[in-house]
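[1] Build me a model from this:
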Amino acid sequence: MLEIEGVIQDVIFRNEENGYTVALLSTDDGEITIVGNAPFINPQETIKLSGSMVYHNNYGEQFAFDTYEVVIPTTLKGIENYLSSGLLPNIGPKTAKRIVKEFGADSLDIIQYNPEKLMKIKGIGKKTLETIVESFEDQRDIRDTMIFLQKYNISVNYGMKIYKKYGPDTAKIIEENPYKLSEDIYGIGFKRADEIAKNMGMEENNPNRIKAGLRYTMLSSIGEGHCYLPKDVLLNQAEKILAVSKEEIENNLQDMAMLDDIVMVNNDGDVEIYSKNLYTAENNVSRKLVEISRTELKTIDFNIDEKIVEIEEDTGIEFADRQKDAIKEAIENGLLVVTGGPGTGKTTTINAIIKTFEDMKLRVLLAAPTGRAAKRMTETTSREAKTIHRLLEYSFLEETAMAFGRDEETPVEADVIIVDESSMIDILLMNSLLKAIEIGTRVILVGDIDQLPSVGAGNVLRDIIDSGEIKVVRLDHIFRQSEESMIIVNAHRINKGIYPIVNVKDKDFFFMKEGSSERILDKIIELCQERLPKFYDVDGLNDIQVLSPMKKGDVGVNSLNNSLQKALNPAAKDKEEKQVGDTLYRTGDKVMQMKNNYNMEWKLVKHGRIVDEGEGIFNGDMGIIEDIDDGSRQITILFDEEKRVKYEYNQLDELSLAYATTVHKSQGSEFPVIVMPITWGPPMLLTRNLLYTGITRAKQLVVLVGEERYLQMMIQNDKIASRYSNLNEKIVKYVSLS
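    Got it, this is the predicted structure:
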């Protein structure tokens, strides 16, 4: 790490969003270009920087700095240059010279501590003085804040976010309660805030710490899919995190309940702890589901049996009995769930239902939880399908907050709403969807109940079915038999706990036995780089998706991504690179968006032309890096081969390499080829429904690589990780009250 000091001669470029700055610095050894995050430096300021020399292909030698601090000039000439730089309004070269002549080396102290003395200077009156003082204080506040934050190893990027949130009160707010950072600043969690608090000398049993630890415990449970935690479970988990007594934790929990931060529910003697939004959502969803399902619909003079025969004749398809049931129930019920595994005719049934409603002159809208699922629904129905977010006309309020334009006051205008991949819908999204649906609108939820549940909180589709109060049609006739697809046959075998049929010549389901994680990794790389592209004419980057049950380990997602990147997109002179933490991004890499970003702008590209623009890139969207530009500090990514998005460098924490992803992240997507390691892992991950979900993502080919004993273990492990949710019980309750 090198340190240099000098005077800023010129700011060549500054990105106002992230503070990235290119400037010319005059040092004792000459002038040099400096690059880094410095949102508040200005010409004629003296600064000290820490960093390293780098060479840019286009711009030559530069000094890339990680940290900087403004050094108050001490020479009379330096002070005069600083005052005349334009940083302070109403002080030009002549006025600056007069100030220095009058006050000498004390000039800056006079401005800061005795500004009224400036009125001695010709040209500075009362109003001018107020402007100078206000500007000087603003600059001082920002600099003081950045220096304060750097004491706790908070980067400039996060420092900017913090100052944007708290302004000049930043230091005061953080010193009073550093845990507010974990609540207010995306990317700073409880553990990071806890480090800062400890560095400040905060005691372990401080109420702010205990409450923050409880919120963190609740948030972690939501990440595991729970809508609430039993009180004893919450206290036990919080005790491990906080290392303070249960009594102190429970006292703070009671305080949070009294302040309405959480909701405590006594359920037949068992105390359940909800976050307020999940408690409200669960109640609203159960009530609205019952209202929609129990509403008496208008009588329709329509012969559905004749319509089914007509559709069969037009399409040449003979419907199974359950498919006919689904079509009839869709007309007769306000709410219907259609569930079934691969090859059972869900798509055919949806198309028949759509055709029936359209012939009845009813307006049908189609939706799915993710962009990929909506795109696939559009392809299979030949009608536009929107993401639920688009259907509800989302808009952003600020970086991490959003709102829907459709709700109880302005509901979605439709007679029928059909939602595919409903197993992916969590309780909060379902609440937003149902709020925007008018009573009398038919709702049809389609999904595979045996897939993994939603990433977010709740077990919505399973709870609806398990309640026994909502009309459900289960499609169980397999149309695509073994002569066509072993993927379909084996998906159903696995779902029944039966070992799959593998390695049949000229079929589409293979298991390659390898006895160690190192050999499994090598085999997966060989398959993606050479064998599958050669024998199946597929693209190793775009057509093959590696799925792993876990993130860590030799064949976890992280390791697989590093190895596959080297194999499929190796370093080259014409490929730009950017290191972000432990991840190296390179032009040509496959990447995935890891969080919803509602205000990320995109441009739709068709045949090299921009044909549309919009906002919103969502968790799970996948794309290819087109360009990395150090000059503008931006990475350009093309999502789904059509949406072009520019990311600022400080937004790259929202991305991940995507040569390999977890099975959870693949939900709602389909890929031509799936390759999946089968090896040791935590039993909670090596489950039947995870294996089932993984292989059903494949359209053309499945290749499993690993040990047979772990494949057997996954097939036999039919335990579904239980989630704390009361939706099914509440549905039953609302039915009894209706």
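[2] Run through the stretch 101-250 of the chain and note the low-pLDDT ranges.
    Across the stretch 101-250 of the chain, the ranges flagged by pLDDT under 70 are 147, 155-157.
[3] What segments of it are strands?
    Listed in chain order, the strands of the stretch 101-250 of the chain (DSSP state E, counting those that start in this stretch) span 228-230.
[4] Walking through it, point out its helices one by one.
    Using DSSP state H, counting those that start in this stretch, the helices of the stretch 101-250 of the chain run over 107-113, 126-150, 156-166, 170-176, 180-184, 190-199, 207-223, 231-242, 246-258.
[5] swap in the stretch 351-500 of the chain?
    Under DSSP H, counting those that start in this stretch, the stretch 351-500 of the chain gives helices at 371-381, 388-391, 427-435, 460-466, 486-495.
[6] I'd like those as a markdown table, with mean neighbour count, mean pLDDT and distance to residue 599 appended.
    Placement of C-beta: from N, CA and C, glycine included. Listed next are the helices of the stretch 351-500 of the chain as a markdown table, based on neighbours: other CB atoms under 10 Å; pLDDT from 0 to 100; distance: least, CB to CB, whole Å:
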| stretch | mean neighbour count | mean pLDDT | distance to residue 599 |
| --- | --- | --- | --- |
| helix 371-381 | 20 | 89 | 16 |
| helix 388-391 | 21 | 92 | 13 |
| helix 427-435 | 23 | 96 | 18 |
| helix 460-466 | 23 | 96 | 27 |
| helix 486-495 | 22 | 93 | 39 |
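[7] Can you check which of these gets nearest to residue 553?
    For the helices of the stretch 351-500 of the chain, proximity to residue 553 was assessed by CB to CB; helix 486-495 is nearest, at 22.6 Å.
[8] if we can go back for a sec, can you say which of the helices of the stretch 351-500 of the chain is nearest to residue 234?
    Using CB to CB, those put helix 427-435 closest to residue 234, at 18.3 Å.
[9] mind saving the C-alpha coords of the closest one as CSV?
    The C-alpha coordinates for helix 427-435 follow below in CSV (Å, rounded to 0.1, in the frame of the first residue of the first chain):
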residue,chain,number,x,y,z
ILE,A,427,-46.9,-14.8,1.8
LEU,A,428,-46.0,-11.1,1.2
LEU,A,429,-46.3,-11.3,-2.6
MET,A,430,-49.6,-13.3,-2.3
ASN,A,431,-50.9,-10.6,0.0
SER,A,432,-50.1,-7.9,-2.5
LEU,A,433,-51.7,-9.9,-5.3
LEU,A,434,-54.9,-10.7,-3.5
LYS,A,435,-55.3,-7.1,-2.3
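[10] How far off centre is it?
    18 Å (CA atoms, centre = their mean, to the nearest Å).
[11] I figured residue 493 hits residue 509, correct?
    No. Taking contacts as CB atoms under 8 Å, residue 493 lies outside contact range of residue 509: 10.1 Å.
[12] between the two, what contacts are shared?
    Residues touching both residue 493 and residue 509 (CB atoms under 8 Å, 6 or more residues apart in numbering): 500, 501.
[13] what's the closest of the helices of the stretch 101-250 of the chain to residue 472?
    From those, taking CB to CB, the stretch that ends up closest is helix 207-223, at 27.1 Å.
[14] who's in contact with that closest one?
    By CB under 8 Å, 6+ apart, the list of residues contacting helix 207-223 reads 177-179, 182-183, 189-190, 193-194, 197, 202-203, 229, 234, 237-238, 241-242, 244, 248-249, 252-253, 255-256, 261-262, 273, 275, 278, 456-457, 724.
[15] Much appreciated, bye for now.
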